[in-house]
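> Pasting the sequence and the predicted coordinates here, then a few questions.
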Amino acid sequence: MSLKETDSLVYGLVEKELEYQKKTLRLIASENYASKAVMEATGSILTNKYAEGYPNKRYYAGNRYVDEIELLAIERAKKLFKVGHANVQPHSGSSANIAAFFAFLEVGDKFMGLDLPHGGHLTHGSSVNFSGKWFNATSYSVSKETEALDYDEIRKKAIEEKPKLIICGYTAYPLIIDFKAFREICDEVGAVMMADISHIAGLIAGGAYPSPAMADVITTTTHKTLRGPRGAMILGPEENAKRIDKAVFPGTQGGPLENVICAKAVCFHEAMQPEFKGYAAQIVKNAKVLADELVASGLRLVAGKTETHLVLLDLTPKGITGKDAQMALEEAGIITNRNTIPFDTRSPFITSGLRIGTAATTTRGMKESEMKEIASMIVKVIENPNDSELKLKTRSNVEELCKRFQVY
Ligand code: DSN
């Protein structure tokens, strides 16, 4: 029986969510619209199969087609990211990072990541996360003056702290990371270089961002700029294959989600098509136009600009918190997320910043001129967060814009 026939309550809510996704501007930097093919694969009968282990080395029988699919996903991931090994089983970015840690570190070992309020991820050493609880986390920060990474300072800190592993790759950093500089620092102090490219994987695959292929281990989600199913993978050189595979299964996961792995294979195929390059380049062009327009309207950007898919706004000069701006924009049909900014004086629940990304709107086909429209709407709402009429009018303008750029 169909979902509609079996559970009309859930069916109705999914339909409402579909309408909501269609009618609103999705500007959360980590979100996107997966293709119908990716969703079809995610919802396929592959969900029925247990496949603990790896292709041709499973603990259950009956994996002839599952093996073919997982091998296809692996080969495509390796080709797309030009690496010697790919493990496509991690269920999420956090699961991938847990496995990467256990592949290279013992509990209690020291590692170094970017401080969370400066753009690092929860799994990069936060004291409330496994990374900060089980490991000895030390952090580097962005420069107070430029709000950019200061590679000399990172090097100094690495020499002082001697971490066994250093993470580069972030959740709210608008500039290009100098992966070569990290490689040199890691080599100098004898640290493992881990690149978490979750946010930028689609840009890398599409040639709009430098490759981190020189890292010892690369973790990434598959659903952000890469536009695949909600999931993750671990990439790297062939020499680290065994330790990575062991850390994923049996180290930290059991049965892989073969339906999601199937969708990852489809996503990688899509990312290999020539039009994906255009999509990746357009994401960055769109973010740059959005950033320029916001600056021209008097808003302050962390690091002053963007070179990626995201802009990070410092709302302090506008006298509004990230939380209030996020809420006002949501009422106007513009979906963003509040975010801490470097040296933020507010808590992560309130924040002084707002993070905006262009991947999902680019997937809808929006370009530079739409970014100008969007920037203008954002500025007006941020400057008048309590103006109900403005929010209503903006919501209707958003719906009009969304109608011009249909998704699904
Ligand atoms: N929640 C993701 C993001 O928005 O960046 C990272 O886990």
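Nice, I can see it.

> Need the residue closest to the centroid of this structure.
The geometric centre of the chain, computed from its C-alpha atoms, lies nearest to H199 (Cα atoms, centre = their mean), at 3.0 Å.

> What is the neighbour count of the closest residue to that residue other than its chain neighbours?
For H199, ignoring the flanking residues on the chain, the nearest one in space by Cβ to Cβ, 6 or more residues apart in numbering is K224 at 5.5 Å. In short, each C-beta sits where N, CA and C put it, glycine included. Using other Cβ atoms under 10 Å, the number of residues around K224 comes to 27.

> Likewise for K318?
When neighbours are counted by other Cβ under 10 Å, K318 comes out with 18.

> isn't it right up against V381?
No: counting by Cβ atoms under 8 Å, K318 stays clear of V381, with 11.0 Å between them.

> Dump the C-alpha coordinates for stretch 83-101 into PDB.
Extracted in PDB, the C-alpha atoms of stretch 83-101 (Å, rounded to 0.1, in the frame of the first residue of the first chain):
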ATOM      1  CA  VAL A  83      41.800   9.700  -4.500                       C
ATOM      2  CA  GLY A  84      43.000   6.200  -4.100                       C
ATOM      3  CA  HIS A  85      40.400   5.000  -1.600                       C
ATOM      4  CA  ALA A  86      36.800   5.700  -0.700                       C
ATOM      5  CA  ASN A  87      34.600   4.400   2.100                       C
ATOM      6  CA  VAL A  88      31.000   5.200   1.200                       C
ATOM      7  CA  GLN A  89      29.400   3.700   4.300                       C
ATOM      8  CA  PRO A  90      29.400   6.500   7.000                       C
ATOM      9  CA  HIS A  91      25.800   7.400   7.900                       C
ATOM     10  CA  SER A  92      26.500  11.100   8.600                       C
ATOM     11  CA  GLY A  93      29.300  13.700   8.800                       C
ATOM     12  CA  SER A  94      29.600  13.000  12.500                       C
ATOM     13  CA  SER A  95      29.900   9.200  12.000                       C
ATOM     14  CA  ALA A  96      32.600   9.800   9.300                       C
ATOM     15  CA  ASN A  97      34.500  12.000  11.700                       C
ATOM     16  CA  ILE A  98      34.200   9.500  14.600                       C
ATOM     17  CA  ALA A  99      35.600   6.800  12.300                       C
ATOM     18  CA  ALA A 100      38.400   9.100  11.000                       C
ATOM     19  CA  PHE A 101      39.400   9.900  14.600                       C
END
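
> average pLDDT for it?
Mean per-residue pLDDT for stretch 83-101: 98.

> Whatever residue of the chain ends up closest to the ligand in helix, strand or coil?
Nearest residue of the chain to the ligand: S30, at 3.3 Å (Cβ to the nearest ligand atom). Of the three states, S30 takes coil according to DSSP: H, G, I helix; E, B strand; the rest coil.

> Tell me who's in contact with it.
171, 198-199, 221, 223-224, 357 (Cβ atoms under 8 Å, 6 or more residues apart in numbering).

> Before I go, just wanted to say thanks for your time.
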